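Prediction below, plus the sequence it came from.
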Amino acid sequence: MDDVAIIGVGLHPFGRFGPKSAIDMGADAIRAALVDAGVEWKDVQFAFGGSFEVDNPDAVTGRLGLTGIPFMDVYNGCATAATALQLTADGIRSGQYDIGVAVGMDKHATGAFTSDPVDYGAPTWYGEVGHFLTTKFFAMKINRYMHDHGISHETLAKVAAKNYRNGVLNPNAFRRKPISEEEILASRMLNYPLTHYMFCSPDEGAAAVVLCRADLAKKYTSTPIYLKATTLRTRRYGAFEVHASWAAVEQDAAPTAYASKAAYEMAGIGPEDVDVIQLQDTDAGAEVIHMAENGFCADGDQEKLVAEGATEIGGPLPVNTDGGLIANGEPIGASGLRQIHELVHQLRGTAGDRQVPGSPKVGYAQLYGAPGTAGVSIVTK
């Protein structure tokens, strides 16, 4: 399979931006990615756009230029951006196109995400009795995991505090104020054992990536980053996933475990080869669980690793160096491409105060969301 190169990345900051539309944020992100790549919009042959709130992300072409290119819109839960990235990469891998753009954008209202449970394959009564809450699911999952593997409440607080600290170093982050472990533990309990400051927040923002055939990359940039793997997996029978109203007697691994295994095989590497990591931290517990599901440690080892600072920017397993979802929030369509934006800068050595030492060469990104969909991407120098 032919390699695909990332030659440009662009980001509209994440946060709250008044009347500014998601389409305008998406246009800003694409413009930044084009400048970074040293190409113009007229050079782009096709694009994929991802969003939850925006029905037609392709409307961004009205801000950039009506060039008539194929522009496809996608939505795949919290894996939307990974889906847009994979489809764009596949278009180039197939030989149909030489250069394309993946963009994600969203502008969410304040408060938790809400939907009709029927639209997620759940029964109506599941919402009527108050169970159709993502906070409830993530709390149940980490509560069981803590019980089974000896993870403490303090570890959850350490994970969240680390991501807030990293967010302080990220000028594009939503939350840029450090919050202590004590404050995190003392904040309002939303769903036991997860407190208010252990969760990410829906917000606004956009991110874009310019991809091209690997053999053409040096024509545009001296620092191409190669997209070695993109995988997507849905839940199997036996996995306990978001919005499930029942659990199987015989448990199976989460879709992240399958997406991760496939990505390592596709890239021809293992978790020991990864230098910088982006994990879906919908909440602090999710980051803990995903460390093991992606092969970076055994179940239960997170307690010691987090206590020793292994996941800090200067540690051997730097996780969510830009603050992750906890500091950046989650505009669903853009979140996964924000991860790629961070990894590209880390591998280029241009991450500033967040730079992982030692010239990282391999980056890893994972997304997970309802109703049980995971995406993994691996990038290398």
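Yep, that arrived.

how about stretch 208-215: buried residues?
Buried residues in stretch 208-215, counted by 16 or more other C-beta atoms under 10 Å: 208, 209, 210, 211, 212, 213, 214. Where C-beta positions appear, they are placed from N, C-alpha and C, glycine not excepted.

wait, stretch 133-146
Residues of stretch 133-146 classed as buried: 133-143, 145-146 (neighbour count, 16+ other C-beta under 10 Å).

which outside residues touch it?
Stretch 133-146 is touched from outside by 112-113, 151-153, 156, 190-194, 199, 240-244, 282-283, 285-286, 288-289, 299, 370, with contacts defined as C-beta atoms under 8 Å, 6 or more residues apart in numbering.

and the buried residues of stretch 208-215 as CSV, adding distance to residue 331 and pLDDT?
CSV is the format used below for those (distance: C-beta to C-beta, whole Å; pLDDT from 0 to 100):
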residue, distance to residue 331, pLDDT
208, 13, 98
209, 15, 98
210, 20, 98
211, 21, 98
212, 26, 98
213, 29, 97
214, 29, 96
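
Save those residues as JSON lines, and put in secondary structure and distance to residue 108 too.
Shown next, in JSON lines, are the buried residues of stretch 208-215 (DSSP: H, G, I helix; E, B strand; the rest coil; distance: C-beta to C-beta, whole Å):
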{"residue": "208", "secondary structure": "strand", "distance to residue 108": "19"}
{"residue": "209", "secondary structure": "strand", "distance to residue 108": "21"}
{"residue": "210", "secondary structure": "strand", "distance to residue 108": "26"}
{"residue": "211", "secondary structure": "strand", "distance to residue 108": "26"}
{"residue": "212", "secondary structure": "strand", "distance to residue 108": "31"}
{"residue": "213", "secondary structure": "strand", "distance to residue 108": "35"}
{"residue": "214", "secondary structure": "helix", "distance to residue 108": "35"}
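
Where do the helices of this protein begin and end?
22-37, 61-64, 80-93, 124-128, 134-149, 153-168, 181-186, 217-220, 255-267, 284-293, 302-307, 324-328, 332-348 (DSSP state H).

ok, of the ones you listed, where does mean pLDDT dip lowest?
Comparing mean pLDDT across these, the lowest value falls on helix 124-128: a mean of 90.

Which neighbours in the sheet does the longest strand along the chain have, and how are they oriented?
As assigned by DSSP state E, the longest strand anywhere in the chain is strand 4-15. Its sheet considered, strand 4-15 pairs with strand 204-213 (antiparallel), strand 225-234 (antiparallel) by DSSP bridges.

ok, residue 76 touching residue 50?
Yes - in this structure, residue 76 is within contact of residue 50 by C-beta atoms under 8 Å, at 7.5 Å.

and those two? which has more neighbours close in?
Ranked by neighbour count (other C-beta atoms under 10 Å), residue 76 and residue 50 place residue 50 first, with 32 against 23.

so the more buried one touches residue 104, yeah?
Yes - the criterion here is C-beta under 8 Å, and residue 50 meets it with residue 104 at 4.3 Å.

For the nearest residue to residue 183 once chain neighbours are set aside, grab the count of nearby residues.
Counting by C-beta to C-beta, 6 or more residues apart in numbering, residue 183 lies nearest to residue 197, which is 6.6 Å off, once chain neighbours are set aside. Using other C-beta under 10 Å, residue 197 is surrounded by 23 other residues.

From residue 184, how far off is residue 197?
Look at residue 197 and residue 184: by C-beta to C-beta, to the nearest Å, they are 4 Å apart.

Residue 339 now?
Here residue 339 is placed at a distance of 23 Å from residue 184 (C-beta to C-beta).

Between those two, which has more neighbouring residues?
residue 339 (31 against 23).

and the gap between the more buried one and residue 347?
13 Å.

Same question for residue 22.
Between residue 22 and residue 347 the computed distance is 28 Å (C-beta to C-beta).

With neighbour numbers in mind, choose between the two.
Neighbour tally, residue 22 and residue 347, criterion other C-beta under 10 Å: the higher count belongs to residue 22, 27 against 24.

who touches that one in this structure?
51, 53, 54, 105, 106, 107, 204, 206, 331, 333.

Could you export those residues as CSV, including neighbour count and distance to residue 220?
Listed next are these as CSV, based on neighbours: other C-beta atoms under 10 Å; distance: C-beta to C-beta, whole Å:
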residue, neighbour count, distance to residue 220
51, 28, 27
53, 17, 32
54, 24, 29
105, 34, 24
106, 28, 28
107, 26, 31
204, 25, 30
206, 34, 22
331, 30, 28
333, 34, 25
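
Quickly name whichever of these is closest to residue 128.
Among the contacts of residue 22, residue 53 lies closest to residue 128 (C-beta to C-beta), at 25.1 Å.

Could you double-check that residue 270 sits in contact with residue 261?
No - using C-beta under 8 Å, residue 270 is not in contact with residue 261, being 10.2 Å away.

shared neighbours of these two, anything?
residue 295.

Settle it for me: which of these two has more neighbours?
Neighbour count, other C-beta under 10 Å: between residue 270 and residue 261, residue 261 has more, with 17 against 10.

Which residue, other than its chain neighbours, is closest to that one?
residue 295 (7.8 Å).

Same check on residue 91?
Nearest residue to residue 91 in three dimensions, chain neighbours excluded: residue 97, at 4.9 Å (C-beta to C-beta, 6+ apart).

burial measure for the one you found, as a count.
By other C-beta under 10 Å, neighbour count at residue 97 equals 20.

ok, now residue 225?
Counted with other C-beta under 10 Å, residues neighbouring residue 225 total 24.

Could you report the distance from it to residue 3?
11 Å.

Check residue 200 too.
Look at residue 200 and residue 3: by C-beta to C-beta, they are 32 Å apart.

Tell me which of these two has more neighbours.
Using other C-beta under 10 Å, the more surrounded residue of residue 200 and residue 3 is residue 200, with 24 against 16.
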